[in-house]
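Undergrad: Any chance you can model this:
(one chain, ligands or ions: 1)
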Amino acid sequence: MSIILASASPRRKQLLEQVGCKFSVITSDVNEDNQLSMPPHQLAVYHARAKASAVAGLAGRNDVVIGADTIVVVDGQVFGKPNDDFTARQMLTKLAGRSHFVITGLAVVGNGRVWTDFARTEVTIQELTAAQIDRYIATGEPLDKAGAYAIQGLGALLVERIEGCYTNVVGLPLSNLARLLTKAGIELL
Ligand SMILES: Cc1cn([C@H]2C[C@H](O)[C@@H](COP(=O)(O)OP(=O)(O)OP(=O)(O)O)O2)c(=O)[nH]c1=O
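TA: Prediction:
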């Protein structure tokens, strides 16, 4: 039985390596549609499940596949990855000086079964000037990150406080994942 991470995210790969997990990576080409009308946590789980299932279709029957999807939720609005600097500016302007939720949906597929879960962390971003937002965008860091910031990078300068799981914000809530993997017969600890 081998573990496959169905993700192109270098952050997810790093987090899974951090806990000593041996795995390979196969990326899916699932398109995320954050406009689908369902509650945000269901949306994240839906996309996580789609990513894991797509890769499970290519994997061996004994393999266990992990999929994840991270979104930012503010005032009921869902932010995925910004497509361009303009959208990144809109997102960061909305997030500045207040708190929002980061939700990661998780899916583990193995032996023809699927286990899902999600984690939710409240993140407070400090007040930001337009110039600070522009300088942050100019670093290029926001573009491939949900909500246009990376808590593990320069974006740490923006974050005032968090309540909840840190690794969830980075893209893979490790304690939730460990619980799902246990159900699939894999112990990380
Ligand atoms: C909020 C936040 C998000 N992110 C990242 C994690 C995810 O890589 C990304 C959200 O996009 P996702 O669509 O969840 O993932 P992805 O497209 O990077 O990879 P894949 O679909 O192949 O699994 O945002 C951070 O790295 N730091 C942060 O602080």
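
Undergrad: Now do the buried residues in the helix or strand harbouring Lys13.
TA: Applying DSSP states H and E as the criterion places Lys13 in helix 10-18. By neighbour count with 16 or more other C-beta atoms under 10 Å, helix 10-18 contains the buried residues Arg11, Arg12, Lys13, Leu15, Leu16. Glycine gets a C-beta too; all of them are placed from N, C-alpha and C.

Undergrad: wait, does it contact the ligand?
TA: Yes. Against the ligand, helix 10-18 shows contacts by C-beta under 6 Å from any ligand atom at Arg11.

Undergrad: just checking, what packs against the next helix-or-strand element following that helix?
TA: Downstream of helix 10-18, the next assigned helix or strand under DSSP H and E is strand 23-25. Counting contacts by 3 or more C-beta pairs under 8 Å, 6 or more residues apart in numbering; DSSP states H and E, strand 23-25 is packed against strand 3-5.

Undergrad: The strand it packs on - contacts with which helices or strands?
TA: Packing partners of strand 3-5 (3+ C-beta pairs under 8 Å, 6+ apart): helix 10-18, strand 23-25, strand 64-74.

Undergrad: With adjacent residues omitted, what lies nearest to Pro82?
TA: Nearest non-adjacent residue to Pro82, counting by C-beta to C-beta, 6 or more residues apart in numbering: Ala88, 4.0 Å away.

Undergrad: Which helix or strand contains that neighbour?
TA: helix 85-95.

Undergrad: and Leu58, which of the three is it?
TA: Under the three-state scheme (DSSP: H, G, I helix; E, B strand; the rest coil), Leu58 adopts coil.

Undergrad: just the one 4 residues further on next, same as before
TA: Three-state secondary structure (criterion: three-state DSSP) places Asn62 in coil.

Undergrad: Touching, it and Met1? I think so.
TA: Yes. Using C-beta atoms under 8 Å, Asn62 is in contact with Met1, at 4.7 Å.

Undergrad: more crowded one of the two?
TA: Ranked by neighbour count (other C-beta atoms under 10 Å), Asn62 and Met1 place Met1 first, with 12 against 9.

Undergrad: Please enumerate the helices of the chain.
TA: Applying DSSP state H to the chain gives helices spanning 10-18, 40-56, 85-95, 130-138, 166-170, 174-183.

Undergrad: got JSON lines for those helices, with distance to Phe79 and mean pLDDT too?
TA: Formatted as JSON lines, the helices of the chain follow (distance: least, C-beta to C-beta, whole Å; pLDDT from 0 to 100):
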{"stretch": "helix 10-18", "distance to Phe79": "17", "mean pLDDT": "98"}
{"stretch": "helix 40-56", "distance to Phe79": "10", "mean pLDDT": "97"}
{"stretch": "helix 85-95", "distance to Phe79": "5", "mean pLDDT": "98"}
{"stretch": "helix 130-138", "distance to Phe79": "15", "mean pLDDT": "98"}
{"stretch": "helix 166-170", "distance to Phe79": "13", "mean pLDDT": "98"}
{"stretch": "helix 174-183", "distance to Phe79": "21", "mean pLDDT": "98"}
